[in-house]
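> my questions concern the predicted model and sequence given below.
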Amino acid sequence: MDEQQLSQLSVVCEQAVVQGSSGALAQINEFFATDVLSKCELVLRSDGSGEYGHVVAATVLHDYLLEHDAILSIDIKIGIRKSTHHRFQTRDRGASRSSDSDHQARRQRRT
């Protein structure tokens, strides 16, 4: 999946979340119908899928795990946990760096 497709997915996810578009929901269901774990991981790791893409992918992944808990191997569950944990750590570091630099810029403007 290339950046353009991820960008298009982001728009569809925004339409589904913000507007409640049934057409957008159908497109999302079709996209995630096969190879759910790989697609969720791809969307969650990508910056091109936008906030709504991340929300939808996380929701799809959550629902998938609830429905398939009994049949997923422990290795798959551990892999998902590690991947998700890594993603949140990476995002948190980026957010704290951004807020630190914003804080420093505001201080410089005051002086």
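Ah, there it is.

> any weak-confidence spans in this protein?
Applying pLDDT under 70 to the chain flags the ranges 91-111.

> now do the helices in it.
Using DSSP state H, the helices found in the chain span residues 3-14, 22-31, 36-45, 50-68, 74-110.

> would you reformat those helices as CSV and include mean neighbour count?
Every C-beta, even on glycine, is put in place using the N, C-alpha and C of the backbone. Formatted as CSV, these follow (neighbours: other C-beta atoms under 10 Å):
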stretch, mean neighbour count
helix 3-14, 17
helix 22-31, 15
helix 36-45, 18
helix 50-68, 17
helix 74-110, 11
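
> centre-most residue in the chain?
What sits nearest the mean C-alpha location of the chain, by C-alpha atoms, centre = their mean, is residue 54, with 2.2 Å.

> quick check: that one touching residue 45?
No. Residue 54 is beyond contact range of residue 45, at 9.7 Å (criterion: C-beta atoms under 8 Å).

> how close does residue 35 sit to residue 65?
15 Å (C-beta to C-beta, to the nearest Å).
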